[in-house]
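Engineer: Fold the following and give me the result.
(one chain, ligands or ions: 1)
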Amino acid sequence: MTEGKLLISLDTEIAWGRVGHSDQSQLGALYQKTKEVIRRLIELFDKYDIPVTWAVVGRLVDKRNANDQAIRGMMAEFYPGIEPNEYEGDFYSFPDLMDLLAGSTSKPEVTSHSYSHIVYGDADATLAETDLSEAGEVLKQHQLSPATFIFPRNSIDHLEAVKAAGFSHYRRKGQSWLDRIPGKLRQVSSLLDILLPIAPEVGKASLHQTGLIGVPGGLLFRKSNLGLRKIVPVSALKRKALLGLKKAVRKREIFHLWFHPFNFAYDSENHFKEFEKVLQKADELRKSGELEILTVNRVKIA
Ligand SMILES: [Zn+2]
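Structural biologist: Sure, this is the predicted structure:
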């Protein structure tokens, strides 16, 4: 690699990420706002001409009205006892999204974050294959081919099936010093990690035995609305992201920022303000030839 690389991937799911969670019904106001956040993010990436990877939950944009049996069967198997009214309605559907992304001038990669957001590590092979096949159908409806696959909740499993479904890349877990900290201390340590000027991990892509290219994830750019991390301001994330850019340039490796558009519905103005500063810096480094900004599917093994 001759220069550092910045990747940005967005797990685009609105309410699909928290199906079955007890707090789901309290998040309506944030879900309500997420479609507007998505529109603003597209504008922001276009403003700086920054290509990003939008990994979309297939069911959000499925044009097949008659496909209810498929999703109901999958959901009943994965979440026994859950009723269709817990995953249907406005927060689970965004038919205009693919047109918005197709109109983006910054050449995004539009790809899959599964069909139903089931957790692959907890799904059997048949269910994972069904989900992949439905996800592929949705991409086809929108004249897209499978490229990067982003696993729901980063639960990486059934990689052979992902490869067989035509995908080429996936986001894998990045390394972190926090992995070596015992469970009980991890919450406090992760808080310190964000608050102290510690650069996030950067890394290289690796080839999985299936032939898939695994691209390391780096920094989850979101202010938490829960728990201890609620006290961390978005500016601390910005500072960390800037350190990540610097480290990627110095080591000529990949810095991978990711989040859910939903995250920017919380403390929205601060998220947009601080995130834009990261994009401005990345654009500057790109102009000086020190940084390349690319979508996940364009990463090659160095
Ligand atoms: Zn997700």
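
Engineer: need the contact list for Gln175.
Structural biologist: By Cβ atoms under 8 Å, 6 or more residues apart in numbering, the residues touching Gln175 are 201, 203, 216. Every residue, glycine included, has its C-beta placed from N, CA and C.

Engineer: Can you pull the phi/psi pair for it?
Structural biologist: Main-chain dihedrals, Gln175, degrees, to the nearest 10: phi -80, psi 150.

Engineer: Give me the distance between it and Lys277.
Structural biologist: Spatial separation of Gln175 from Lys277 under the definition Cβ to Cβ, to the nearest Å is 26 Å.

Engineer: ok, now Ser168?
Structural biologist: To Lys277, Ser168 is 32 Å away according to Cβ to Cβ.

Engineer: Contact partners for Trp258?
Structural biologist: Neighbouring residues of Trp258 by Cβ under 8 Å, 6+ apart: 8-11, 171, 217-221.

Engineer: now the strand or helix carrying it: mean pLDDT?
Structural biologist: Taking DSSP states H and E as the criterion, Trp258 maps to strand 254-259. For strand 254-259, the mean pLDDT works out to 97.

Engineer: residues of stretch 181-191 that come out buried?
Structural biologist: Within stretch 181-191, the residues that count as buried by 16 or more other Cβ atoms under 10 Å are 189-191.

Engineer: circling back: which one of Ser168 and Lys277 has more residues nearby?
Structural biologist: For Ser168 versus Lys277, neighbours defined as other Cβ atoms under 10 Å are more numerous around Ser168 (18 against 14).

Engineer: wait, the more buried one sits on Val215?
Structural biologist: No: if you go by Cβ atoms under 8 Å, Ser168 and Val215 don't touch, sitting 10.4 Å apart.

Engineer: where do the contact lists of those two overlap?
Structural biologist: Common contacts of Ser168 and Val215 (Cβ under 8 Å, 6+ apart): Thr148.

Engineer: So which residues of the stretch 201-302 of the chain form helices?
Structural biologist: Remark: helices assigned in the stretch 201-302 of the chain by DSSP state H, counting those that start in this stretch are 234-251, 268-287.

Engineer: Can you add distance to the ion and mean pLDDT and give the ones you listed back as CSV?
Structural biologist: Converted to CSV, those look like this (distance: least, Cβ to the ion, whole Å; pLDDT from 0 to 100):
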stretch, distance to the ion, mean pLDDT
helix 234-251, 19, 96
helix 268-287, 18, 98
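
Engineer: Buried deepest among those helices, which one?
Structural biologist: helix 234-251 (a mean of 20; mean count of other Cβ atoms under 10 Å).
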